[in-house]
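Visitor: Here's my sequence, what's the structure:
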Amino acid sequence: MFGIPGKAPVTLTPRAVTQIARLMARDGAHGLKIGVKKGGCAGMEYTMEFAAEPGPMDEVVEQDGARVMIAPMAQMFLFGTEIDYETSLLESGFRFNNPNVAEACGCGESIKFKDLPAGGA
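Guide: Reported below is the predicted structural model:
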């Protein structure tokens, strides 16, 4: 695992906690699984899906009734990320405030991560 012992790899804002807990209750899910995949104009995209249970290597973060599971391949990319939920006149959705992102595309759906140290990924 990556990170600092005793420190959650990601944090959730109160709005994100409320939305994740609401979605878990509505869909009967164990939590929200977060990952990254290749794609988009900047090279990588976040993935989110409901999960019945965590995978054996998933990092699990629980905060005030909300549960997020981080896929193994995403853990080093997401460490230090704050997950928020924003609602505006035109759209609502989760936002990732990720210190590991070097650049993002104009639509905000695709990201490029800073170069990893030797031996990463």
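Visitor: Distance of the residue positioned nearest the centre of the chain relative to residue 89?
Guide: Relative to the mean C-alpha position of the chain, the nearest C-alpha, by Cα atoms, centre = their mean, is the one of residue 34, at 4.6 Å. Noted for residue 34: a distance of 26 Å to residue 89, by Cβ to Cβ, to the nearest Å. To be clear about C-beta, it is placed using only N, CA and C from the backbone, and glycine gets the same treatment.
Visitor: quick one: contacts of the helix or strand hosting the residue nearest to the centre of the chain?
Guide: When elements are assigned from DSSP states H and E, residue 34 belongs to strand 31-38. The list of residues contacting strand 31-38 from outside it, by Cβ atoms under 8 Å, 6 or more residues apart in numbering, reads 10, 20, 23-24, 44-51, 54-55, 58, 60, 66-71, 73-74, 77-78, 83.
Visitor: Kindly recompute the last result at 6 Å.
Guide: Surrounding strand 31-38, the residues in contact under the criterion Cβ atoms under 6 Å, 6 or more residues apart in numbering are 20, 44-49, 51, 67-71, 74, 77.
Visitor: got the CA positions of that strand in CSV?
Guide: Coordinates of the C-alpha atoms in strand 31-38 are reproduced here as CSV (Å, rounded to 0.1, in the frame of the first residue of the first chain):
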residue,chain,number,x,y,z
GLY,A,31,-19.7,1.3,-1.2
LEU,A,32,-18.4,3.2,-4.1
LYS,A,33,-15.3,1.8,-5.9
ILE,A,34,-13.0,4.3,-7.5
GLY,A,35,-10.2,3.7,-10.0
VAL,A,36,-8.4,5.2,-13.0
LYS,A,37,-8.2,4.0,-16.6
LYS,A,38,-6.5,5.1,-19.7
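Visitor: what's the helix or strand just after that strand packed up against?
Guide: Moving toward the C-terminus from strand 31-38, the first helix or strand encountered (DSSP H and E) is strand 44-51. With contacts defined as 3 or more Cβ pairs under 6 Å, 6 or more residues apart in numbering; DSSP states H and E, the secondary structure elements packing on strand 44-51 are strand 31-38.
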